[in-house]
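Chemist: Sequence first, predicted coordinates after that:
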Amino acid sequence: ALEAIFLGSQDIRAQLPDDTKRFEGIDGEFKETMTSIFAVKQVVSVCEVDGREKQLEVMYKELELCQKALTEYLDMKKNIFPRFYFVSNMALLDILSNSNNPTKIMPHVGAVFDGIDRLTFALPSRLEQLEDESLSDD
């Protein structure tokens, strides 16, 4: 899940650049480790590699730092807009990463705004037309 967040979300990459770089390093190191493990195909010999356990422990601790930074970032967003407390962290990440594409956040509207199931979007030219029609009805 962190891979999609740190590598796929431009918002997170911009807001948490140090943690994104940290995650990219961990991700690359983990993939290299898994490639070398896959090449051996003997569990015992893979486990006996000097420093392997320490390497995995360090990666885990670094991932925990990334997770902590992400949680703090989401908490900051929730403090700015308290309605975000009503959605899961994964839903909030989806909302934030698709903030420029309102139709993609539609599945979360009901959780953020009680009593609203969906919204209808209109192009600005259509909005002007609707406003004109509304004024002419008065």
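Modeler: Ah, there it is. Numbering: from 1, shown residues only.
Chemist: the strands in the protein, which residues?
Modeler: Taking DSSP state E, the chain contains no strands at all.
Chemist: what ranges of it fall below the confidence cut-off?
Modeler: Low-confidence segments of the chain (pLDDT under 70): 126-127, 130, 134-138.
Chemist: Spell out the residue ranges of the helices in it.
Modeler: 2-8, 10-15, 17-40, 43-47, 52-80, 89-97, 106-112, 124-137 (DSSP state H).
Chemist: okay if I get those helices as JSON lines plus mean neighbour count and distance to residue 118?
Modeler: To be clear about C-beta, it is placed using only N, CA and C from the backbone, and glycine gets the same treatment. JSON lines is the format used below for those (neighbours: other CB atoms under 10 Å; distance: least, CB to CB, whole Å):
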{"stretch": "helix 2-8", "mean neighbour count": "15", "distance to residue 118": "25"}
{"stretch": "helix 10-15", "mean neighbour count": "16", "distance to residue 118": "24"}
{"stretch": "helix 17-40", "mean neighbour count": "14", "distance to residue 118": "33"}
{"stretch": "helix 43-47", "mean neighbour count": "10", "distance to residue 118": "51"}
{"stretch": "helix 52-80", "mean neighbour count": "14", "distance to residue 118": "23"}
{"stretch": "helix 89-97", "mean neighbour count": "18", "distance to residue 118": "15"}
{"stretch": "helix 106-112", "mean neighbour count": "15", "distance to residue 118": "6"}
{"stretch": "helix 124-137", "mean neighbour count": "9", "distance to residue 118": "17"}
